[in-house]
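**Student:** next come a sequence and a model predicted from it.
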Amino acid sequence: MTGSGAGTGADTGTTKRTPIVLVVGVTGSGKTTVGKAVAEQLGLRFAEGDDFHPAANVAKMTAGHALDDADREPWLRALADLVRHSVAAGEGLVVACSALKRAYRDELRAAAGPGLWCLYLALDRDTAWDRVSRRTGHFMPARLVDSQFETLEPLEPDEPGMTVDATAALPAILTRVRAAVTRSG
């Protein structure tokens, strides 16, 4: 499942698009680690989606309560603004964010236009639970892992992007992403 990405140069009469890459998946899937590596590999700016949550959302998750669509609205709006500004400036961007529902990705796609590409890090519940229960310094408790899977809508065939196994080695993921993003342009 590959799709839109960077286009060809403006000197040939086509519009150059710098990719906007969303690294999506449930908590514990490695979005930040993979996202930072993808950004470095592609020479793009990295943004951590968790940094765009309002304080009330962080407090709610820290207390062990799952977010609903209304809670996520200001977060999605802030991410869409970030994406819009990057596109307007002609700057590529990699954003690590859960974007668990198709509607969330569609909202970000509307802000980005045809340059948005998703990397979905697929992970099973047990591995997600194990990873989240062992990590420190993050507001998301392991007891919210199940709610992430209840909300999750994996990438659909018509969404530009690809699905990879979140337990794969990082170099293998990066090789696949570089080839796919290059090919999609």
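**Tutor:** Received, thanks.
**Student:** rest of the way, CA atoms for contacts and neighbours
**Tutor:** OK.
**Student:** what about the longest helix in the chain?
**Tutor:** Criterion DSSP state H: the longest helix present in the chain is helix 69-88.
**Student:** other residues contacting that one?
**Tutor:** Helix 69-88 has contacts (C-alpha atoms under 8 Å, 6 or more residues apart in numbering) with 18, 20, 49, 52-54, 57, 92-93, 104, 107-108, 111-112.
**Student:** how far away from the center of its chain is the next helix or strand after it?
**Tutor:** Per DSSP states H and E, helix 69-88 leads on to strand 93-96 as the next helix or strand towards the C-terminus. Computed by C-alpha atoms, centre = their mean, to the nearest Å, the separation of strand 93-96 from the middle of its chain amounts to 6 Å.
**Student:** now swap in stretch 46-62 and tell me
**Tutor:** 14 Å.
**Student:** what segments of the chain are helices?
**Tutor:** Under DSSP H, the chain gives helices at 31-42, 55-62, 69-88, 102-112, 125-134, 145-151, 170-184.
**Student:** before we move on, the earlier item: what about the longest helix of the chain, average pLDDT?
**Tutor:** Averaging pLDDT along helix 69-88 gives 94.
**Student:** can you check stretch 100-109 too?
**Tutor:** Stretch 100-109 comes out at a mean pLDDT of 95.
**Student:** show me which positions of that stretch end up buried.
**Tutor:** 100-101, 104-105, 108-109 (16 or more other C-alpha atoms under 10 Å).
**Student:** same question, stretch 121-128
**Tutor:** Under 16+ other C-alpha under 10 Å, the buried positions of stretch 121-128 are 121-123, 125, 128.
**Student:** just put those in a markdown table and tack on pLDDT.
**Tutor:** Output for the buried residues of stretch 121-128, formatted as a markdown table (pLDDT from 0 to 100):
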| residue | pLDDT |
| --- | --- |
| L121 | 96 |
| A122 | 94 |
| L123 | 94 |
| R125 | 88 |
| A128 | 88 |
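**Student:** for those, which one is nearest M61?
**Tutor:** When the buried residues of stretch 121-128 are compared for distance to M61 (C-alpha to C-alpha), A128 comes out closest, at 16.2 Å.
**Student:** distance of the closest one from R84?
**Tutor:** Using C-alpha to C-alpha, to the nearest Å, A128 is found at 31 Å from R84.
**Student:** okay, the closest residue to A128 other than its chain neighbours: pLDDT?
**Tutor:** Computed as C-alpha to C-alpha, 6 or more residues apart in numbering, the closest residue to A128 that is not its neighbour in sequence is G28, at 5.1 Å. G28 is assigned 86 on the pLDDT scale.
**Student:** can you give me the end-to-end distance of stretch 148-156?
**Tutor:** 18 Å.
**Student:** now stretch 39-51, how far from the centre of its chain.
**Tutor:** For stretch 39-51, the distance to the chain centre is 10 Å (C-alpha atoms, centre = their mean).
**Student:** what's in contact with that stretch?
**Tutor:** 32, 35-36, 79, 91-98, 174, 178.
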